[in-house]
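[1] Any chance you could fold what I've pasted below:
(4 chains, ligands or ions: 4)
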Amino acid sequence: MKAVRKSEALSGVDAHAGIESDLQLYYQMKLVRAFEERVSRLHRQNKILGGVYSGAGQEAIMTGVCAPLEPGDVLLPLHRDLGVFLLRGVDAGRLMAQLMGKQSGFSRGKDSFLHAGDVGRGVFGSTSMLGSSLPVAVGAALKFQLKKERHVAVAFFGEGSSSRGDVHEAMNFAGVRKLPVLFVCENNRYAYSTPIEKQMAIENVADRAQAYGFRGHVCPGNDLLAVLQLSRSVISRIRAGDGPALIECKTYRYHGHSEHDPALYRSKEELVAWESRDPIETYELFLQKKGHDLPAVREQTEQQVQAVVQQAVDFAEQSPYPPPQEALSDLYATPIVRAPKG
Amino acid sequence: MKAVRKSEALSGVDAHAGIESDLQLYYQMKLVRAFEERVSRLHRQNKILGGVYSGAGQEAIMTGVCAPLEPGDVLLPLHRDLGVFLLRGVDAGRLMAQLMGKQSGFSRGKDSFLHAGDVGRGVFGSTSMLGSSLPVAVGAALKFQLKKERHVAVAFFGEGSSSRGDVHEAMNFAGVRKLPVLFVCENNRYAYSTPIEKQMAIENVADRAQAYGFRGHVCPGNDLLAVLQLSRSVISRIRAGDGPALIECKTYRYHGHSEHDPALYRSKEELVAWESRDPIETYELFLQKKGHDLPAVREQTEQQVQAVVQQAVDFAEQSPYPPPQEALSDLYATPIVRAPKG
Amino acid sequence: MEVTYVRAINQALFEEMRRDENVFVMGEDVADLGGAFKVTEGLLEAFGPDRVIDTPIAESLIVGAGVGAAALGMRPVLEMQFADFISCAFDQIVNMAATMRYRHGGQVACPLVVRAPCGAGVHGALFHSQNPEAWFTRVPGLKVVAPATAYDAKGLLKSAIRDDDPVIYFEHKRLYRSIKEDLPEGDFLTPIGVAEVKREGRDISVITYGGTLHYSLDAARIADKEDGLSVEVLDLRTLLPLDREAIVATAKNTGKILVVHEDRLTGGIGGEVSAIIAEHAFEYLDGPVVRLAMADTHNPFSPPLEEFVLPDTNKILAAIRRLAAY
Amino acid sequence: MEVTYVRAINQALFEEMRRDENVFVMGEDVADLGGAFKVTEGLLEAFGPDRVIDTPIAESLIVGAGVGAAALGMRPVLEMQFADFISCAFDQIVNMAATMRYRHGGQVACPLVVRAPCGAGVHGALFHSQNPEAWFTRVPGLKVVAPATAYDAKGLLKSAIRDDDPVIYFEHKRLYRSIKEDLPEGDFLTPIGVAEVKREGRDISVITYGGTLHYSLDAARIADKEDGLSVEVLDLRTLLPLDREAIVATAKNTGKILVVHEDRLTGGIGGEVSAIIAEHAFEYLDGPVVRLAMADTHNPFSPPLEEFVLPDTNKILAAIRRLAAY
Ligand SMILES: Cc1ncc(C[n+]2csc(CCOP(=O)(O)OP(=O)(O)O)c2C)c(N)n1
Ligand SMILES: Cc1ncc(C[n+]2csc(CCOP(=O)(O)OP(=O)(O)O)c2C)c(N)n1
Ligand SMILES: [Mg+2]
Ligand SMILES: [Mg+2]
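    Ligands and ions are numbered 1, 2, ... in the order given. Here you go, the predicted model:
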């Protein structure tokens, strides 16, 4: 159970305490990247089954958005937002176990990947149906409003998901009731193979916010400092009762849509252009300019994150599969009681 | 069968020929009003069962939008758009028979009201599920685009319906493919009892058009001249291949949501204010200013429309109910053939 | 005091909202208007706009937001203006709400109720008459109830609101004001998952629920009086999970089963009930398991058509007689 | 030439698009990518972007637009990327498409096909494994097919495209590349509405379709070899309308019926099949009508869980043996 302790300690520092020192943010992005790269490798090794959707390249968005959040806030990550779990301090071992379908995963083997959450950390799982998590986030925000709690609900979604009707219904209602919800669009220019031009006739998803009566912001999603600056001000306004907001982060995914996808539909040039805006390497430039000893920092951080990831893998691999009957549990919270009839 | 002939003759003049003289437009609005008022009366007399949703007060919108349309264009009216049928020259007797569930109605008694259309006139029925007709209109427009036909598809919807996800999905796709479709929002400030402030946080539904990359226009929906001017230019641009457009017509319904609804949720002042913008009476002012002999015109027109309506009622009342087995017909176009197996 | 079915539902809402401040009502026109059928009448005045919430026309949002609120401990009671429009919230119900607890490995509950005014016989035609229950009774994680009496309308809604799982509650529009009963004073519940023998008998069982219970009871009385047949009538009340014990018990008791519902024949719940009997009470059967239901078509509008396709007392009586003669 | 199931579907699309210029394909990633499963591979190159259309992620739009185009004479073949997402197009299918002809009194047809890659056994978990067919088999106006062989995959898709009614076509993902057959040269059709006896027998009938046909055939062969049982296997192929004649015929033939499907037990099509038999072949039954299906739960992810809930050859064989011993 070492992995558990380790990553819980970890989480105490990064997300929950609200401390956002340069090095912690760096550590967080590196951890997400390392964890995801390991997941991809485990998938190639057939140790993780089913679909794996890497968020590599998009770490700055999750990191920047999660930093200003507080305990009690609620998050609904989508398929490419595994990082959100780590950033909220979810136990890395259990997360890995979840991906492997092991007993110690959040769903005890019932579902893969991100359809379960770690509710204690405010992270809820969604279904695969893209966009359908936005109404749920809006409902969480409604609860905060009704109960006068100063929390924020955050829904992540891709630009492709923004075409779904649920997104419209959710944003409209959020606007009408000025709910404390933040919509985070990770615009990585593709929905599977479909380029953005075939998905929408406008430039920015954020431009839709005004159609619902709230603010929309566009920001360079690979620039952690920019995301952070925006998310801090936007989240504090939402928390203050200013109503919903939408931030759209322009970004790119390095991998194919899933690990099965060679992504032949896009050009090498495009990939290279975006790799040159790598969020981690860009942030390293910042650390350097600021006077940090980058080689040392990098090495130390890499050791740390590799240790966390390795412990997570070890923990998950040692965790048993659930017993088959687990498939039938947790369907209902209130059991049927057939009392003898009077 | 007199009613049939009469109204077919009628239709030849107004909608299809494209002639839009002052008096014809006047006649059209009066006809729609008279027909609907008669429907309301028949409903009170229990001769029309089920829900009746009067469009009284909104005649200028349908009249203005239909005038520039051509044969081959496709229309999808919603629950308050009975007038569209008349304006497209649909047989008034059959329309009345449809409302009464008679054999000679378009659906031969299977459905009430506007869920059936008169396909030969380009009028298609929708389901009751508000907003779901917009994807269908978009599909019709897609057909026109794929087959390079210079037709336009027109979808009518209320501001309340605009909250449905289907509306978003439809508009977004129309924008992406620049489809020849016109979205007509009849904004009468209420969705059943729900005022517009509870439906959306913005002023104009038309402002959403820009979120889909096409033009949105707001116009005073009780002003036939304004609607006509706008619809003429917008429809001709759509026909020319300019892509979709949305026009929002501000209006008001005189009756309750349905004939069952006393509409206690709105004020007398509001009603009076809108009655003073009555589309027909406003248009009468125009006729007068233009030098028409209004009392004569009015009397003559009223006689004409009452005759059409009375013939329609007579025709419908004399029409028999369908035989019960009609309930089981028209489910399938291609029957199942169970050939002896080889 | 005699209470109508619609008033019983309204009472349940009042009582549960008073009992638990986390209960709130949300839907189209539920506040000012008190709902299209006046089911939520008076709630706005009593509980204020934070607990009686009008929404835009957006069924998927209504249910989805209900899931979000429920996951955080609220108890939303969500109204579909007509059960027919539940199709617009379908994905949120069958995929989001129904799986919430399961995929979170039991970490979270989803205590919401979707109220759906259903049923034909009121000239509603294709889109204001549907009985969509069987779309949901095949979805684990949901519970589905369909009260046929004012007592059960109140008792099941109260149970549904207190239940920690998502419950789809089908209330039959034709019953709203056509039935009345004396209800007990004070708090009472109808348990979810438990069918009830509404009339005991020995010769034939009619298994039914919702809109066709009263026709079935009428037919049973006539068959008794005119034919001397002793007909048992089982009201399923809960459609998911089915009360298999009660179904098998009545089948064993009479050996002749007629399953009746207002939903269409093909794909209706009758198939499931019949299959349970054919598998688990086979040895006790004295005749085929017969189903009587709406014809396999859409709900037609014109009165002679609607009458033709729907089950009624006479059709049930005829089926009872045919089965008795088998 | 041996052709896989997935290739058979692809061939059907090619042939029908060549035959009729009103046929076009629309869905997410169907053009450039050739679909998530490569079912539409090569179509873009052969027929161009006006006949192979990528859409945004908007299932309701995909089907709704299909209805609009179909009503004007086109023949859209609409792809759901996974059958699971058909829930997002639910209203457009069950209310818009299914009623189009009926409510227009026969004035218009709605010749569209919705292709839905379905089925479990590929580690897809809750939302990439579903078998949603029974949501649609209760909807008049639709036709529903579920081919289990490469021959029928091709033959039924060609029939579906030529059919003037909306057809929901369930293709099983596990079969895509796991089965192969020699297909005849030239045009051939599998008729809609007609089941097929894939193996004749006298002692027991297994009635099945789609993903569980092959397991059933394997179990039948083993039961023959090891137990000397003569097992008939009926492949339903079309799920709406069911081939009642064929169902009743096999029931009369053997008197012992096992219904098998990969969809969940409760609310699955097995209930309807069983009910038909319990009503219309009652006198011929020599034992209970037994159902074997996925357990009443969601499709779990973890391999031991998935294996536990799904039917397979061994479970079918055991059920055959139990029923034989009855
Ligand atoms: C309703 C629905 N339709 C289709 C899919 C299949 N699907 C999974 S991810 C994806 C692309 C998503 O694109 P986007 O929202 O931009 O997110 P990204 O993958 O680019 O991060 C698709 C089509 C789905 N999961 N849900
Ligand atoms: C999906 C759906 N939800 C609810 C309803 C019930 N309903 C019928 S009309 C109506 C109000 C419609 O408002 P709007 O679109 O503004 O049109 P209006 O009646 O004002 O002309 C409602 C809620 C419906 N028909 N469909
Ligand atoms: Mg994307
Ligand atoms: Mg309105």
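
[2] burial count for residue A:287?
    Neighbourhood size, residue A:287 [other CB atoms under 10 Å in any protein chain shown]: 17. Using the backbone N, CA and C atoms, a C-beta is placed for each residue, glycine as well.

[3] tell me the SS of residue A:284?
    helix (DSSP: H, G, I helix; E, B strand; the rest coil).

[4] Identify the residue nearest it in space, chain neighbours excluded?
    residue A:294 (5.8 Å; CB to CB, 6 or more residues apart in numbering or on different chains).

[5] ok, now how distant is that neighbour from residue A:32?
    19 Å (CB to CB, to the nearest Å).

[6] Between the two, which is the more surrounded one?
    Neighbour count, other CB under 10 Å: between residue A:294 and residue A:32, residue A:32 has more, with 27 against 16.

[7] show me what contacts the more buried one?
    A:55, A:59, A:62, A:63, A:82, A:83, A:86, A:87 (CB atoms under 8 Å, 6 or more residues apart in numbering or on different chains).

[8] isn't the third one right up against residue A:81?
    Spelled out, it's residue A:62. Yes - with contacts counted by CB atoms under 8 Å, residue A:62 reaches residue A:81, the gap being 6.0 Å.

[9] and for the two, which residues touch both?
    Common contacts of residue A:62 and residue A:81, defined by CB under 8 Å, 6+ apart, comprise A:55, A:156.

[10] Between those two, tell me which one has more neighbours.
    Shown here are residue A:62 and residue A:81; by other CB under 10 Å, residue A:62 has more neighbours (30 against 27).

[11] can you tell me which helix or strand that one belongs to?
    Assessed by DSSP states H and E, residue A:62 sits inside helix A:59-66.

[12] what's that helix packed up against?
    helix A:22-44, helix A:82-87, strand A:153-158, strand A:181-187, helix A:224-239, strand A:245-250, helix A:279-289 (3 or more CB pairs under 8 Å, 6 or more residues apart in numbering or on different chains; DSSP states H and E).

[13] helix or strand right after it?
    The element immediately downstream of helix A:59-66 (helix or strand, assigned by DSSP H and E) is strand A:74-76.

[14] Now the residue of the stretch 201-326 of chain C found nearest ligand 3. Its backbone dihedrals?
    Minimum separation of the stretch 201-326 of chain C from ligand 3 (CB to the ion) falls at residue C:240, amounting to 37.1 Å. Dihedral angles of residue C:240 (phi, psi; degrees, to the nearest 10) stand at phi -150, psi 120.

[15] Kindly report the same for residue C:180.
    With angles defined as degrees, to the nearest 10, residue C:180 sits at phi -140, psi 140.

[16] How about it, nearest residue that isn't a chain neighbour?
    Closest to residue C:180 by CB to CB, 6+ apart is residue C:2, at 4.6 Å.

[17] Tell me the bridge partners for the one you found.
    With DSSP bridges applied, residue C:2 shows beta-bridge pairing to residue C:182.

[18] That one touches residue C:177, doesn't it?
    No - between residue C:2 and residue C:177 no contact is recorded; they are 11.9 Å apart, counting by CB under 8 Å.

[19] Among those two, which residue is more densely surrounded?
    Higher neighbour count among residue C:2 and residue C:177: residue C:177, with 13 against 10, using other CB under 10 Å.

[20] pLDDT wise, what is the more buried one at?
    With respect to pLDDT, residue C:177 scores 97.

[21] what are the phi and psi angles of the residue positioned nearest the centre of chain C?
    Nearest residue to the geometric centre of chain C (CA atoms, centre = their mean): residue C:146, 1.4 Å. Here is the backbone geometry of residue C:146 (degrees, to the nearest 10): phi -150, psi 90.
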